[in-house]
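In: Need a 3D model of the sequence below.
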Amino acid sequence: MKVSWIKYEKDQESFRLPQALGLEVITLKDLEQTDETMRKLIQKHYDTIILSNEVAGFSEDIIKKYQKDKDVKIVISFSKR
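Out: Sure thing, here's the model as predicted:
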């Protein structure tokens, strides 16, 4: 199972635990890169992609495309605020 987390670089709160454990947390400098980053992860056979709420708002079609796919799970992590 390959899992990756994606967050915005200005977001200091999301995914601190996975990052502290040394797991792969991708930090985007530009939120417009969201769909392209997700496409690359899917091509590399990641089966679970966890997005911060802020990043998920910038996904145009990837989330909808894989919403019912059984091989790729896209999870949106909501902020605690």
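In: Near residue 1, how many other residues are there?
Out: Neighbourhood size, residue 1 [other C-beta atoms under 10 Å]: 6. Using the backbone N, CA and C atoms, a C-beta is placed for each residue, glycine as well.
In: which ones are touching the nearest residue in space to it that is not next to it in sequence?
Out: Nearest residue to residue 1, sequence neighbours excluded (C-beta to C-beta, 6 or more residues apart in numbering): residue 47, at 5.9 Å. Taking C-beta atoms under 8 Å, 6 or more residues apart in numbering, we find residue 47 in contact with 1, 2, 3, 71, 72, 73.
In: Of these, which is the nearest to residue 56?
Out: Lowest distance from residue 56 to the contacts of residue 47 (C-beta to C-beta) belongs to residue 73, with 13.5 Å.
In: Pull up the gap between the closest residue to residue 46 other than its chain neighbours and residue 23, please.
Out: Counting by C-beta to C-beta, 6+ apart, residue 46 lies nearest to residue 2, which is 4.4 Å off, once chain neighbours are set aside. Noted for residue 2: a distance of 11 Å to residue 23, by C-beta to C-beta, to the nearest Å.
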